[in-house]
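**Q** sequence and predicted structure are below.
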Amino acid sequence: MRKPGKIMTAVAAALVIGACNPPGEQPSEEPTGADMTPIEEADGGENADGGQECTADDFTVDGEPGERPEITAPDECTPPDELLMEDLEEGSGEEAREGSSVEVHYHLVSFSEGEVIDTSWDHDKTFTVDNVGASEEVIDGWNEGLLGITEGSRRLLVVPPELGYGEQGSPPDIEPGETLVFVIDAMSVSGPAG
């Protein structure tokens, strides 16, 4: 998906604040400043909103590779805080790596409404991403999410706002803070020029 303009993404640093032991509690044997909170697994952890975070398995995709898909976003979980990707069909062709060109068909729906925002099938033509991993023509979620895709694959990408259009959105089609749900068919992959 093309960027309407350059999007600056700010990366926030996480700070861990240690708390003092309550009176009467034995001192911890953990090093000072260690985070004692159990790490949630990537699948099904809680996100910043405190709800159960969606996994790739929570999304339903109907249709065969090479045909326009139908995507159903779940309503019983919250949008993921990190990029989700899952190959729904694995291709057997060349694998995309940094600098590759990937010709794709794509279908995009909003997480919040489940409505189609854009689809290359309506345009009856594919879209080519050059310089995968560092392309200035696509959102960061695509730069990360196309790496490793093989020719002939169909991949689900769920892109959080930080890797999409952020808190400003891309009016009129993409609302501020929207999570984007893509199905991408890799029609061809060619290695980096050079």
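**A** It's in. Numbering: from 1, shown residues only.
**Q** when you work out contacts or count neighbours from here on, use the C-alpha atoms and nothing else.
**A** Will do.
**Q** what are the phi and psi values at the closest residue to Glu67 other than its chain neighbours?
**A** Distance criterion CA to CA, 6 or more residues apart in numbering; nearest residue to Glu67, sequence neighbours excluded, is Trp121 at 7.9 Å. Per-residue torsions, Trp121: phi -60, psi -30 (degrees, to the nearest 10).
**Q** okay, Trp121: pLDDT?
**A** In this model, Trp121 is scored at 93, pLDDT.
**Q** these two touch, right, it and Glu70?
**A** No - counting by CA atoms under 8 Å, Trp121 does not reach Glu70; the two are 11.7 Å apart.
**Q** OK, contacts around the residue nearest to Glu67?
**A** The contact partners of Trp121, by CA atoms under 8 Å, 6 or more residues apart in numbering, come to Glu67, Arg68, His105, Tyr106, His107.
**Q** Leu147 reaches Ala96, doesn't it?
**A** Yes - taking CA under 8 Å as the definition, Leu147 is a contact partner of Ala96 at 5.4 Å.
**Q** for the closest residue to Leu156 other than its chain neighbours, helix, strand, or coil?
**A** Leaving out its chain neighbours, the residue that sits closest to Leu156 by CA to CA, 6+ apart is Val183, at 4.6 Å. Secondary structure of Val183, reduced to three states by DSSP: H, G, I helix; E, B strand; the rest coil: strand.
**Q** thought Val183 was touching Ser110?
**A** No - counting by CA under 8 Å, Val183 sits too far from Ser110 to count as a contact (11.9 Å).
**Q** hang on, the earlier thing: which residues are in contact with each of Leu147 and Ala96?
**A** Joint contacts of Leu147 and Ala96 (CA under 8 Å, 6+ apart) are Val132.
**Q** have a look at these two and say which one is more surrounded.
**A** Ala96 (24 against 17; other CA atoms under 10 Å).
**Q** look up phi and psi at that one.
**A** According to degrees, to the nearest 10, Ala96 has phi -70, psi 130.
**Q** all good on my end, thank you.
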